[in-house]
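> Dropping the sequence and predicted coords here.
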Amino acid sequence: MAMSSDAAETTLLSTAADGLRARVEPRWVEVADAVVSKVLATDKPSWPVLAQQADERTGAGLVHVGDRVLIAYLRDSIDPVPDCEVVTIQVHTSGDVCTGIVITLAVRYGTGLLPLADQVRKQAERRLGQLLGPTVPAVRVRDMHVHVADVTRHDPKL
Amino acid sequence: MVDVQTSELPAVRSDSVLTRRGALGDRAAFAELVGRHGNALYRYAVRMLDGEHHAAEDAIQEALTKAWLHLDGFRGDSSVRTWLFRLVANECIDARRARRPRAVDDGALSRVTADPSWQPEAVAAADDLTAALDLALHELPWRQRASWLLREIEGLSYEEIAEVLGTTVTVVRGQLHRARSSLAVRMRQWR
């Protein structure tokens, strides 16, 4: 039986659409890496966090670290902790002095939350000490809040 | 037959995890997200900008820069793919406005059923059916073109298309109906 005209057009259009959908854009393949590099070279606005006070005796000036740098390194430090994934990290400041960190996590169902929170806090405190040095006042474990925002049945890192 | 254990397959991270990590400064995660959706975004942009590759590259770069800067503001109300398409669609609209400041009445254009400049033999000489479709798409008004591409090629739902184009589902349905009719006419000429 001959195919109706409308059905033939629909098939033709559908075949053409399949071809377009399957197509890898050659120009995108050429420029993708360059485009991504340019995008990632764009600086995100960042809030300065004091890492070193000025010292008149030694002539040392202030040293600040951007809060986005802290966030990126803190995430990196928590990454190896299994069965959890960082959702957000907030750096609290008073002026430019770090006063606390809030880490929000997604956790795999069945994980012991308190030991996990302790592990995350310790990792974060260690990394914060490396980045900011001995802060005054010190940002200690009690100033770091770990908030479990989500519980997943699968690996929250995926 | 080779039996591949699931556990041996490389883990694939979801878009939401990559977005979350990108918001926390993970550049590799953002690059992975772009690697996953970049081809589709580019495919859309270059067709909305009448095949102008440089304009499409600029639009993609601007859109991705905005995505990179505002990832931490993405609340997940839509999928990240839909959000990226919206950013690209907005850049395409801006580029089209800059190029052709006069508004075009979609309705008036869609009433034109036969374009006297249409040359079936020229289309027949095109490399393949996909090239013919590209030519047909270029003749559609941009809202129809956008709706058709997002639905038929990128597989977005009507609601997602409405969000990307900043319009309503009813309008999307209308645009899609007209786009399908116009493309059917064009493809009939190609056949």
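Happy to help now that I have it. Residues are numbered from 1 along each chain as shown, chains lettered A, B, ... in the order given.

> Name the residues of stretch A:48-65 that come out as buried.
Applying a neighbour-count criterion of 16 or more other Cβ atoms under 10 Å in any protein chain shown, one finds A:Val49, A:Leu50, A:Ala51, A:Val65 buried in stretch A:48-65. Just so you know, the C-beta spots here come from the backbone N, C-alpha and C atoms, and that holds for glycine as well.

> quick check, nearest of the residues you listed to B:Gly76?
Relative to B:Gly76, the closest of those is A:Val49; by Cβ to Cβ it sits at 27.5 Å.

> ok so the closest one is a helix residue?
No. With DSSP: H, G, I helix; E, B strand; the rest coil as the criterion, A:Val49 is assigned strand and is not in a helix.

> what's the most distant pair in the buried residues of stretch A:48-65?
A:Leu50 and A:Val65 (8.2 Å).

> Quickly list what's touching both of those two.
Counting by Cβ atoms under 8 Å, 6 or more residues apart in numbering or on different chains, the residues touching both A:Leu50 and A:Val65 are A:Leu132.

> nearest residue to A:Asp29 other than its sequence neighbours?
One thing to correct before we go on: residue A:29 is Val, not Asp. Among residues not flanking A:Val29 along the chain, B:Asn39 sits closest, at 8.0 Å (Cβ to Cβ, 6 or more residues apart in numbering or on different chains).

> Next one: the one you found from A:Glu85, what distance?
27 Å (Cβ to Cβ, to the nearest Å).

> of these two, who's got more company?
A:Glu85 (23 against 16; other Cβ atoms under 10 Å in any protein chain shown).

> how far is stretch B:30-39 from where the chain is centred?
15 Å (Cα atoms, centre = their mean, to the nearest Å).

> should've said stretch B:14-27
Using Cα atoms, centre = their mean, the offset of stretch B:14-27 from its chain centre is 23 Å.

> buried stuff in that stretch?
B:Asp15, B:Val17, B:Leu18, B:Thr19, B:Arg20, B:Arg21, B:Gly22, B:Ala23, B:Leu24, B:Gly25, B:Asp26, B:Arg27.

> all strands for chain A, in order.
A:48-52, A:63-66, A:84-94, A:97-108, A:144-152 (DSSP state E).

> Kindly reformat the ones you listed as JSON lines and extend each row with mean pLDDT.
Formatted as JSON lines, these follow (pLDDT from 0 to 100):
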{"stretch": "strand A:48-52", "mean pLDDT": "82"}
{"stretch": "strand A:63-66", "mean pLDDT": "86"}
{"stretch": "strand A:84-94", "mean pLDDT": "90"}
{"stretch": "strand A:97-108", "mean pLDDT": "88"}
{"stretch": "strand A:144-152", "mean pLDDT": "75"}
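
> Compare those and give me the one nearest chain B.
strand A:84-94 (6.1 Å; Cβ to the nearest Cβ).

> Pull up the pairing partners for that closest one, direction included.
Within its sheet, and counting by DSSP bridges, strand A:84-94 is paired with strand A:97-108 (antiparallel).

> got the angle between the strand it pairs with and strand A:144-152?
Comparing the axes of strand A:97-108 and strand A:144-152 via axes from the mean of the first three to the mean of the last three Cα atoms, to 10 degrees yields an angle of 20 degrees.

> Can you mark which positions in strand A:97-108 are buried?
In strand A:97-108, counting by 16+ other Cβ under 10 Å, buried: A:Cys98, A:Ile101, A:Ile103, A:Thr104, A:Leu105, A:Ala106, A:Val107, A:Arg108.
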